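In: Fold the following for me, if possible:
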Amino acid sequence: MKRPLILVTNDDGITAPGIRTLVEIAKTLGDVVVVAPDSPQSGMGHAITISGPIRLHPNKQVFEDVEAYECSGTPVDCVKLAKHVVLKDRQPDLCLSGINHGSNASINIIYSGTLSAAMEASLEGIPSIGLSLLDYSHEADFEPCVPFVKTLAEWVLNNGLEEGSLLNVNIPAISRSELKGLRVCRQADARWIEEFTEAEDPRGQKYYWLTGRFSNDDEADDTDIWALENNYISVVPSMHDLTNYRAIKTLKQIEKL
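Out: A predicted model of the protein is given here:
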């Protein structure tokens, strides 16, 4: 039987440890093509490059036995170039984005380049999964989550996803023995309380550095934050349709104004 075609990308850059782990998992499931940024692109969201050229070069140093390319653009640029330039007439059976260094749970999905890459793939009709480990360290240990990621990727390959849907998967940074398994849940209603540190550069010009803290007042036990705090891998189905369907009925009143 023909092996599935799996597109792998990320936002931490093609040399990040997380994407190496993801490629090794993907290789056991199908034929792999990597298109990833040539430098870190965290927090880029769904940004695309329109004000200048995008460079795309083969990379044979990071993944010797895998077709791989590094891209000067954003994570979404990577998926667009993979679809229309690298793969051309070959439609991937699955897109895996990550494994990100750091959480993309709750509201973080809005800012995440990892999830935006997965979302761009879903827009192209490709079942997609964005994966993140709650450890920002370059030395993060991805090994405990490997069997869970493989199982989830296999499930999506065999069953597909609803059109326009993708999975936002977050993994607690704990040992394999502590991991309780996968938990399908909703995005917690939480947000960032933002602050800006003000300082001056050597020329006396002011600049600002974004800081802040994460605030979660959603204490329900069906959220991704609850799952992560209780040693589960959270699996949140998401989609690009941002319509607030609950508001439509009330807003219909303005049609009569």
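In: Before we move on, what's the pLDDT of Asn216?
Out: Looking at Asn216, its pLDDT is 89.
In: measure it to Gly45 for me?
Out: 21 Å (C-beta to C-beta, to the nearest Å). Bear in mind the C-beta positions are built from the backbone N, C-alpha and C, glycine included.
In: before we move on, what about Leu242?
Out: Applying C-beta to C-beta to Leu242 and Gly45 gives a distance of 13 Å.
In: higher neighbour count, the two?
Out: Neighbour count, other C-beta atoms under 10 Å: between Leu242 and Gly45, Gly45 has more, with 17 against 6.
In: In contact with that one, which residues are there?
Out: By C-beta atoms under 8 Å, 6 or more residues apart in numbering, the contact list for Gly45 reads Ile110, Tyr111, Ser112, Gly113, Ser116.
In: Secondary structure class of it, three-state.
Out: With DSSP: H, G, I helix; E, B strand; the rest coil as the basis, Gly45 sits in coil.
In: how about the helices of the stretch 51-200 of the chain, start to end?
Out: Counting by DSSP state H, counting those that start in this stretch, the stretch 51-200 of the chain has helices at residues 75-81, 113-123, 146-159.
In: With distance to Gly30 added, can I get the ones you listed in CSV?
Out: Below are the helices of the stretch 51-200 of the chain laid out as CSV (distance: least, C-beta to C-beta, whole Å):
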stretch, distance to Gly30
helix 75-81, 17
helix 113-123, 15
helix 146-159, 7
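In: Need those in JSON lines (columns: mean neighbour count, mean pLDDT and distance to Tyr207).
Out: Output for the helices of the stretch 51-200 of the chain, formatted as JSON lines (neighbours: other C-beta atoms under 10 Å; pLDDT from 0 to 100; distance: least, C-beta to C-beta, whole Å):
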{"stretch": "helix 75-81", "mean neighbour count": "27", "mean pLDDT": "97", "distance to Tyr207": "26"}
{"stretch": "helix 113-123", "mean neighbour count": "28", "mean pLDDT": "97", "distance to Tyr207": "23"}
{"stretch": "helix 146-159", "mean neighbour count": "16", "mean pLDDT": "97", "distance to Tyr207": "39"}
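In: wait, which of the ones you listed is closest to Ile193?
Out: helix 113-123 (21.5 Å; C-beta to C-beta).
In: Going along the chain, name the strands of the protein.
Out: 5-9, 31-37, 56-58, 67-71, 94-101, 128-133, 165-171, 182-184, 190-200, 206-216, 233-239 (DSSP state E).
In: I'd like these as a markdown table, with distance to His84 appended.
Out: Shown next, in a markdown table, are these (distance: least, C-beta to C-beta, whole Å):
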| stretch | distance to His84 |
| --- | --- |
| strand 5-9 | 12 |
| strand 31-37 | 11 |
| strand 56-58 | 11 |
| strand 67-71 | 12 |
| strand 94-101 | 14 |
| strand 128-133 | 16 |
| strand 165-171 | 19 |
| strand 182-184 | 33 |
| strand 190-200 | 34 |
| strand 206-216 | 34 |
| strand 233-239 | 22 |
